[in-house]
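coordinates only, sequence not included:
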C-alpha cells in the first residue's frame, strides 16, 4: 500500500488573501477554518480525502528567504495557456524570474505573497 498526498500546507502572512487567490485559480472552495487562523480550501463537493489534495493556508510570521524548494504546477482545463496566463495575471499572479532561459514551455509566476508556481502548457481534462 502507498500514501497519497492529501494536503499541501502553505505558511503565509495572510491566509484570507491566499485562500481567495488559490480558490479562484483552482476553482476550490473554503471548507474549514481552524482557531489558529488556518484556512483549508479544496474541490467543491469533495474536500479532504478527494482525488485532489486540499490546500491549507496557515498563518506564519516567519520571513521567507530564497526560492521555494517545492512549488505547485498548474494546467488550464478549459482554455489555452495564453488565455490562462492572462486570467492568472488578472487574479494577482505576477511573472518571476528563477533563472529560466526563455525557451521553456511553462510560465513561472508568483502568488500574491511571492510563492512561485508554474503554469504548464498542456491542457488537462477537469475532474
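Yep, it's here. Given the structure is predicted, the values throughout are model-derived calculations rather than measurements.

so how far is residue 102 from the residue nearest the centre of the chain?
Closest residue to the average C-alpha location of the chain: residue 22 at 5.2 Å, with Cα atoms, centre = their mean. Residue 22 sits at a distance of 27 Å from residue 102 (criterion: Cβ to Cβ, to the nearest Å). C-betas here are computed from N, CA, C, even on glycine.

swap in residue 66?
Counting by Cβ to Cβ, the gap from residue 66 to residue 102 is 22 Å.

could you do residue 77 as well?
26 Å.

more neighbours: which of those two?
Neighbours around residue 77 and residue 102, counted as other Cβ atoms under 10 Å, are more numerous at residue 77. The numbers are 13 against 5.

quick one, what contacts that one?
123-126 (Cβ atoms under 8 Å, 6 or more residues apart in numbering).

for residue 120, same thing?
73-75, 81, 105-106.
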